[in-house]
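Peer 1: Sequence plus predicted model, see below.
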Amino acid sequence: MTKKAIVFGITGQDGSHLADLLLSKEYEVIGVSRRASTDNTGRIKHILQNSKFLLVQGDITDAHSVANILKEHDDVDEIYNLAAQSHVAVSFKQPGLTWDITGKGCLNILQSIEDLGMKNVRFYQASSSEMYGKNYDTDREQNKFQNEHTKFLPQSPYAIAKCAAHHMTRLFREAYGAHASAGILFNHEGERRGETFVTRKITKWIGDFEKSGRDPEFPKLRLGNLEAFRDWGYAGDYVEAMWMMLQQDSPDDYVICTGETHTIREFLDVAFKHIGIDDWSNLVVQDPEFYRPAEVDYLRGDNTKARTKLGWELKHSFEDLVRKMVKHDIEN
């Protein structure tokens, strides 16, 4: 029997990768996208004509809109909430909007599931490593890490909204018996990443720099803190973990990560070496405009639970990820 899934946030990086995965497994996929005056379907244009894919308009901040979509498709097996205002810097400038989309949006879906009596549907919430903020645990060798038991200490409006959605998912699981799971995803990137995020900003700049013929007058790459540590993986690997969570008999929360941490400086090293540049210091400027009001200095996840309970495994290394992104932006 063909399974059916709804994906909120279908036009984003993760939504497009998840749609590819589900369609490869013969799912029928309903993708929910907010109406925009300009075309926002670039990441999913390759599946728009797929007979098993349906794109519908909806607004996750509007409870009535969410309920209507779920009413119309009340026979779905799985619902994935990947919709968010996910840019940390923007969340400081637009905290109310971030709250409505990233926090309240999750509640609108969960409440609609409960109100409509969709007892058999399985729900996935995209939680974030940003929820940990400055908090971490340490092992016997004093190595820092975050796992499912590390306390949250959010350092941005985005992270606070994600915490609210994460706890709401847990609450509906415990209070109403919902099959509701959350993936605490650490930074995951790729060629479909938005161009305002630091990783894609770097690789896109390199692509444009190469296109210019390495023009000495080409504007320099402007970045903020280069010493922040992040646990970076490939988005295509991470959406498989989302799907795996909803195939379990019991819902639960899982950290999805690589277990490694690298600085933005290290990302720059690998990216520039891909084009044969060892010393990039004269091409990059640290600009205070791009520093966060409250920095998250260190993220390194522990994916033991996901590996042992889900059987999930990584397919791309840090170096694979960086080179894949640089190659894409040079070729495109």
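Peer 2: Cool, the structure landed.

Peer 1: From now on I want contacts and neighbour counts done on CA atoms only, so please keep to that.
Peer 2: Will do.

Peer 1: which helix in this structure runs the most residues?
Peer 2: helix 157-176 (DSSP state H).

Peer 1: what about D237, helix or strand, and which?
Peer 2: Using DSSP states H and E, the element containing D237 is helix 235-245.

Peer 1: Run through the stretch 201-332 of the chain and note the low-pLDDT ranges.
Peer 2: For the stretch 201-332 of the chain, no stretch has pLDDT under 70.

Peer 1: ok, which stretches of it are strands?
Peer 2: Ranges of strands in the stretch 201-332 of the chain, per DSSP state E, counting those that start in this stretch, are 221-223, 229-230, 233-234, 253-256, 262-263, 284-286.

Peer 1: S156: which of these is closest?
Peer 2: Of all the strands of the stretch 201-332 of the chain, the one in closest proximity to S156, counting by C-alpha to C-alpha, is strand 229-230 (16.2 Å).

Peer 1: Dump the strands of the stretch 201-332 of the chain into CSV; add distance to D302 and mean neighbour count as well.
Peer 2: Shown next, in CSV, are the strands of the stretch 201-332 of the chain (distance: least, C-alpha to C-alpha, whole Å; neighbours: other C-alpha atoms under 10 Å):
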stretch, distance to D302, mean neighbour count
strand 221-223, 28, 17
strand 229-230, 13, 20
strand 233-234, 13, 26
strand 253-256, 7, 26
strand 262-263, 15, 18
strand 284-286, 31, 13
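
Peer 1: about what we covered before: who's in contact with the following helix or strand past the longest helix of the chain?
Peer 2: Per DSSP H and E, helix 157-176 leads on to strand 179-185 as the next helix or strand towards the C-terminus. Around strand 179-185, the neighbours that count as contacts under C-alpha atoms under 8 Å, 6 or more residues apart in numbering are 120-129, 166, 169-170, 172-173, 238, 241-242, 245-246, 250-257.

Peer 1: Would you mind checking those for buried ones?
Peer 2: Buried positions within the contacts of strand 179-185, assessed by neighbour count (16 or more other C-alpha atoms under 10 Å), are 121-129, 166, 169-170, 172-173, 238, 241-242, 245-246, 251-257.

Peer 1: what ranges do the helices span in the stretch 51-200 of the chain?
Peer 2: Remark: helices assigned in the stretch 51-200 of the chain by DSSP state H, counting those that start in this stretch are 63-72, 88-93, 95-98, 105-115, 157-176, 198-211.

Peer 1: ok, back up a step: next, the angle helix 105-115 makes with the longest helix of the chain.
Peer 2: For helix 157-176 against helix 105-115, the angle by axes from the mean of the first three to the mean of the last three C-alpha atoms, to 10 degrees is 20 degrees.

Peer 1: Helix 157-176 - contacts with which helices or strands?
Peer 2: Identification of packing neighbours for helix 157-176 by 3 or more C-alpha pairs under 8 Å, 6 or more residues apart in numbering; DSSP states H and E yields helix 88-93, helix 95-98, helix 105-115, strand 122-128, strand 179-185.

Peer 1: Mind putting these into a markdown table with mean pLDDT and distance to S24?
Peer 2: Converted to a markdown table, the helices and strands packed on helix 157-176 look like this (pLDDT from 0 to 100; distance: least, C-alpha to C-alpha, whole Å):
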| stretch | mean pLDDT | distance to S24 |
| --- | --- | --- |
| helix 88-93 | 91 | 32 |
| helix 95-98 | 96 | 32 |
| helix 105-115 | 98 | 25 |
| strand 122-128 | 98 | 19 |
| strand 179-185 | 98 | 21 |
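
Peer 1: looking at those, which is closest to A63?
Peer 2: helix 105-115 (5.1 Å).

Peer 1: And that closest one, what's buried?
Peer 2: G105, C106, L107, N108, I109, L110, Q111, S112, I113.

Peer 1: Turn the helices of the stretch 51-200 of the chain into JSON lines, columns for distance to R292.
Peer 2: Shown next, in JSON lines, are the helices of the stretch 51-200 of the chain (distance: least, C-alpha to C-alpha, whole Å):
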{"stretch": "helix 63-72", "distance to R292": "32"}
{"stretch": "helix 88-93", "distance to R292": "7"}
{"stretch": "helix 95-98", "distance to R292": "14"}
{"stretch": "helix 105-115", "distance to R292": "25"}
{"stretch": "helix 157-176", "distance to R292": "12"}
{"stretch": "helix 198-211", "distance to R292": "12"}
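
Peer 1: check contacts around the closest residue to K211 other than its chain neighbours.
Peer 2: Leaving aside its sequence neighbours, K211 sits nearest to I330 (C-alpha to C-alpha, 6 or more residues apart in numbering; 7.4 Å). Applying C-alpha under 8 Å, 6+ apart to I330 gives the contacts K204, I206, G207, D208, E210, K211.

Peer 1: Show the buried residues in the residues you listed.
Peer 2: K204, I206, G207.

Peer 1: What's the end-to-end length of stretch 98-114?
Peer 2: One end of stretch 98-114 to the other measures 24 Å (C-alpha to C-alpha, to the nearest Å).
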